[in-house]
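Undergrad: my questions concern the predicted model and sequence given below.
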Amino acid sequence: MPSKRKPSKHGKPQKVNMQSADLTADRLAGLRDLLPEAFTEGKVDFDRLRQALGEEVDDRPERYSFTWAGKRDAMRLLQVPSRATLVPCPQESVDWDTTQNLFIEGENLEVLKLLYKSYAGRVKMIYIDPPYNTGNDFIYPDDFRDPLQTYLKLTGQKDSKGNLLTSNPETSGRYHSAWLSMMYPRLFVARQLLREDGLLFVSISDAEMHNLRIALDGVFGPENFIGTIVWNSTKSVTNTALISVAHTFNYVYARSREYYVKHRPHFRLPEPGEGFANPDNDPRGPWKADPFQVGGWRPNQQYTIVNPKTGQEYRPNKGASWKNEERVFRELLADNRIVFGVSGEAGPQRKRFQFEAEERGRVTTTLWDDLDTTTNATRHLKDLFSTEESPIDNPKPVALLQRMLQLGTHDPQGAIVMDFFAGACPLAEAVYNQNREDGGHRRYICVQLPEPTGRKDYPTIADIGKERIRRAIKNLKDEAKGNLDLKDHQTLEDLGFRVFKLAESNYRVWQGVKKKDGEAYADTMEMFADPLLPGWKPTNVLYEVALKEGYGLTSKIEKVAGIKDNTVWCVADPDKGQSFRICLDDKLKPATLKALALKKDDLFICRDSALTDEQAANLALQCALKTI
């Protein structure tokens with residue numbers, strides 16, 4: 001179903017978006033909507049803004065702030081829209097036509113900017129495992145003046161002079177600053193992508209954990225901090241260290257903790273269902289006996305309980321209390337929810353039924369020492385790739401990511417999860433595994449820079465990630481072969497992924513005229529009569545138009561049937577319930593427009609040069625018209 005749209009303004013065609021959304025413009029629009037009185041002649045008037053906010057403005061000369069060398073450039077980097085595109089690669093994908101999963105090869109900040117318009121407010125959970133700033137060279141050399149050119153040089157798509165890696169030794173005065181400048185804009189866009197009930201998980205080591213926490217507070221707000229999970233990441237001991245590091249920190253933040261608690265309070269792990277039994281044939285089913293005594297002294301929970309079989313009296317231990325007030329205890333006892341041990345001769349315990357436990361789930365703790373370690377994850381990758389050496393160092397175990405998925409995607413139907421430091425893509429495998437375990441339909445977006453590895457078999461980290469996904473898919477399909485119990489479930493499983501790669505736009509970019517004479521201007525203007533670069537491919541242009549118009553990368557693209565004189569495509573995004581039709585031919589035939597029978601709510605896109613002035617005027621009145 002096409003979305004509701006207004007006809008083109010004033011009966012004139014509009015231009016398609018030639019670059020990603022402007023994040024600064026969006027923020028200003030939000031501020032203008034909230035505080036219109038703070039604007040004068042289209043710009044923010046800070047005096048009026050202070051008046052509007054009153055006492056909420058802190059104008060003291062000395063106040064708490066977190067800054068670093070290069071923060072201003074990091075903020076400016078956010079304000080530069082991307083003019084790149086994402087090129088589809090069906091030949092590197094699995095089940096291209098049906099899958100909802102995405103792997104994007106490219107520099108993650110450019111990719112995040114391109115995804116912003118399509119995916120803002122739609123991602124349920126983000127997990128990232130960023131570089132830990134160990135003093136080695138950085139692979140993210142951001143340049144706010146032209147980030148795309150930096151990426152193209154880095155990946156060998158453009159000629160390069162010198163070393164593109166930014167050296168970041170610990171002796172550098174900008175050691176922490178360089179890392180923060182890299183992280184800050186990415187965290188900022190990540191927050192915009194999260195749903196209102198969305199969650200962010202970030203793995204980090206001791207080197208930058210303190211700076212990252214403050215940076216996250218600055219982006220998300222300290223009130224949205226959920227907790228710090230300490231994962232026991234290794235069992236081995238480094239004998240040469242003063243203290244052998246055996247953990248990794250994992251920060252958890254909510255997009256809006258207040259909204260999350262109010263609307264999505266279920267932050268629980270699945271109940272494993274072990275240890276439940278029904279020795280007294282309770283019609284409510286299997287149960288466990290939980291302690292009826294809790295820590296902490298509460299005056300209204302200090303009473304005597306008498307065992308009805310033995311007559312023995314029980315009181316809470318010193319400094320403890322019964323779990324409930326006496327009135328509630330009497331109600332529980334009458335409801336057969338209080339037991340006195342298996343024999344009936346012990347102290348009071350409370351029944352916890354399996355169905356209640358499964359509905360509620362179990363609370364997680366801040367210490368995770370029961371999961372696989374990096375050693376287990378390394379062994380898994382060796383087995384998966386059938387090699388003696390792991391294709392990547394210090395991989396995260398799939399079990400760690402699955403537990404985060406269990407916590408972060410309590411409603412797994414259609415939840416989008418993302419990792420934009422994807423590495424070897426453990427998140428992708430975790431999504432497949434968790435979906436199979438609980439019948440969910442989570443889908444992922446993994447983004448990875450094609451960082452060189454020096455290997456012939458897998459030249460980049462991105463190549464390792466893609467191959468890991470393919471092998472994980474094969475294993476899951478092999479496991480399901482001949483399993484009748486999974487037959488119906490398999491028809492619903494999404495064991496595929498689409499590959500896209502960051503590349504230069506298909507649109508010509510106006511860079512001015514070098515020679516200041518009439519002939520040079522004439523030649524340049526003639527070249528720009530066709531806004532598409534030579535050698536453009538229809539599919540690439542279709543996806544670029546769709547992405548920059550706010551359509552997802554899993555949109556369906558099909559030829560419109562019954563059109564003889566032109567090739568017209570329909571691009572439909574089922575998630576948003578919107579679609580448009582587009583023709584890239586040099587000339588648009590009148591018969592085509594008649595056959596399309598466009599209405600006011602329809603969006604139609606074509607090349608500007610394909611329309612006569614009369615056609616453009618009529619179409620702009622008939623439908624929402626945009627031109628390339």
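TA: Cool, got the structure.
Undergrad: which helices and strands does the helix or strand hosting Ala620 pack with?
TA: Secondary structure from DSSP states H and E places Ala620 in helix 613-622. Judged by 3 or more CB pairs under 8 Å, 6 or more residues apart in numbering; DSSP states H and E, the packing partners of helix 613-622 are helix 590-596, strand 624-627. No exception for glycine: its C-beta is placed from N, CA and C like everyone else's.
Undergrad: need the residues that contact it.
TA: Residues outside helix 613-622 that contact it (CB atoms under 8 Å, 6 or more residues apart in numbering) are 7-8, 11-13, 588, 590, 593, 598-600, 604, 608, 611, 625, 627.
Undergrad: tell me the most packed of the residues you listed, by neighbour count.
TA: Using other CB atoms under 10 Å as the neighbour test, the contacts of helix 613-622 are led by Leu625, with 25 neighbours.
Undergrad: quick one: it and Glu614, what's the gap?
TA: With distances taken as CB to CB, to the nearest Å, Leu625 is found 13 Å from Glu614.
Undergrad: export the helices and strands packed on helix 613-622 to CSV and append columns for mean pLDDT.
TA: Formatted as CSV, the helices and strands packed on helix 613-622 follow (pLDDT from 0 to 100):
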stretch, mean pLDDT
helix 590-596, 94
strand 624-627, 95
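Undergrad: Lys309: which of these is closest?
TA: Lys309 lies closest to strand 624-627 among the helices and strands packed on helix 613-622, at 78.3 Å (CB to CB).
Undergrad: would you map the helices across the stretch 51-200 of the chain?
TA: All helices of the stretch 51-200 of the chain, identified by DSSP state H, counting those that start in this stretch, fall at 71-78, 108-119, 147-154, 175-193.
Undergrad: winner for burial among the ones you listed?
TA: Comparing the helices of the stretch 51-200 of the chain on average neighbours per residue, with mean count of other CB atoms under 10 Å, the densest one is helix 108-119 at a mean of 24.
Undergrad: list of residues touching that helix?
TA: 17, 20-21, 23, 77, 81-82, 84-86, 104, 140, 142, 147-148, 151, 185-186, 189-190, 192-193, 416, 420-421, 445, 447-449, 502, 547-553, 573.
Undergrad: and stretch 377-395, by the same measure?
TA: Residues outside stretch 377-395 that contact it (CB under 8 Å, 6+ apart): 372, 374, 396-398, 423-424, 426, 453, 455, 458, 461, 464, 467-468, 471-472, 475.
Undergrad: that stretch: how far from the chain's middle?
TA: 25 Å (CA atoms, centre = their mean, to the nearest Å).
Undergrad: just the buried positions in that stretch, please.
TA: 377-378, 380-381, 384-385, 390-392, 395 (16 or more other CB atoms under 10 Å).
Undergrad: list just the nearest of those residues to Asn281.
TA: Among the buried residues of stretch 377-395, and counting by CB to CB, the member closest to Asn281 is His380, at 43.9 Å.
Undergrad: what helix or strand does the closest one sit in?
TA: helix 374-385.
Undergrad: quick one: average pLDDT of the helix or strand following that helix?
TA: Going down the chain from helix 374-385, the next helix or strand is helix 398-408, by DSSP H and E. Here helix 398-408 scores 96 as its mean pLDDT.
Undergrad: then stretch 442-461?
TA: Mean pLDDT, computed over stretch 442-461, is 94.
Undergrad: what about that stretch, start to end distance?
TA: End-to-end distance for stretch 442-461, by CA to CA, to the nearest Å: 24 Å.
Undergrad: buried sites along that stretch?
TA: 442-451, 453, 458, 460-461.
Undergrad: ok, so of the residues you listed, who is nearest Val219?
TA: Distances from Val219 to the buried residues of stretch 442-461, taken as CB to CB, are shortest for Val447 (18.3 Å).
Undergrad: shouldn't that closest one be in contact with Gly423?
TA: No. With contact defined as CB atoms under 8 Å, Val447 does not count as touching Gly423 (10.5 Å).
Undergrad: torsion angles phi and psi at Cys570?
TA: For Cys570, the backbone dihedrals (degrees, to the nearest 10) come out as phi -110, psi 120.
Undergrad: just checking, it touches Val560?
TA: Yes. With contact defined as CB under 8 Å, Cys570 reaches Val560; the gap is 5.3 Å.
Undergrad: spit out the residues that contact the two alike.
TA: Shared contacts of Cys570 and Val560, counting by CB under 8 Å, 6+ apart, come down to Arg581.
Undergrad: for the longest strand along the chain, name the packing helices and strands.
TA: In the chain, assigned by DSSP state E, the strand with the most residues is strand 194-204. Where contact means 3+ CB pairs under 8 Å, 6+ apart, strand 194-204 is packed against strand 123-128, helix 206-220, strand 225-232, strand 247-254, helix 257-263, helix 398-408.
Undergrad: quick one: mean pLDDT for the shortest one?
TA: In this model, strand 123-128 has a mean pLDDT of 97.
Undergrad: quick check: angle from it to helix 398-408?
TA: Using axes from the mean of the first three to the mean of the last three CA atoms, to 10 degrees, the inter-axis angle of strand 123-128 relative to helix 398-408 is 150 degrees.
Undergrad: ok, now the longest one?
TA: Using the same axes, to 10 degrees, one finds that helix 206-220 and helix 398-408 are set 20 degrees apart in direction.
Undergrad: what about helix 206-220, distance to the chain center?
TA: 19 Å.
Undergrad: residues in contact with it?
TA: Identification of contacts with helix 206-220 by CB under 8 Å, 6+ apart yields 66, 132-134, 176, 179-180, 183-184, 187-188, 191, 200, 202, 204, 225, 245, 249, 251, 253-255.
Undergrad: contacts for stretch 457-468 next, please.
TA: Here stretch 457-468 makes contact (CB under 8 Å, 6+ apart) with 92, 103, 105, 381, 384-385, 391-392, 422-425, 428-429, 446, 448-453, 499.
Undergrad: strands along the stretch 351-500 of the chain, start to end?
TA: 367-368, 416-419, 443-448, 498-504 (DSSP state E, counting those that start in this stretch).
Undergrad: partner strands of the longest one and their direction?
TA: For strand 498-504, sheet partners with direction are given as strand 84-88 (antiparallel), strand 102-105 (parallel), following DSSP bridges.
Undergrad: for the first one, same thing?
TA: With DSSP bridges as the criterion, the sheet partners recorded for strand 367-368 are strand 225-232 (parallel).
Undergrad: residues of the strand it pairs with that come out buried?
TA: Quick answer for strand 225-232 (16+ other CB under 10 Å): 225-226, 229, 231.
Undergrad: now do stretch 474-481
TA: Buried residues in stretch 474-481 (16+ other CB under 10 Å): 476, 480.
Undergrad: can I get the CA coordinates of it in PDB?
TA: The C-alpha trace of stretch 474-481 is given here as PDB (Å, rounded to 0.1, in the frame of the first residue of the first chain):
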ATOM      1  CA  LYS A 474      25.000 -24.200   6.000                       C
ATOM      2  CA  ASN A 475      25.400 -25.900   9.400                       C
ATOM      3  CA  LEU A 476      21.900 -24.900  10.400                       C
ATOM      4  CA  LYS A 477      20.500 -26.200   7.200                       C
ATOM      5  CA  ASP A 478      22.400 -29.500   7.600                       C
ATOM      6  CA  GLU A 479      21.100 -29.900  11.100                       C
ATOM      7  CA  ALA A 480      17.500 -29.500   9.900                       C
ATOM      8  CA  LYS A 481      17.700 -32.100   7.100                       C
END
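Undergrad: mean confidence score for it?
TA: 90.
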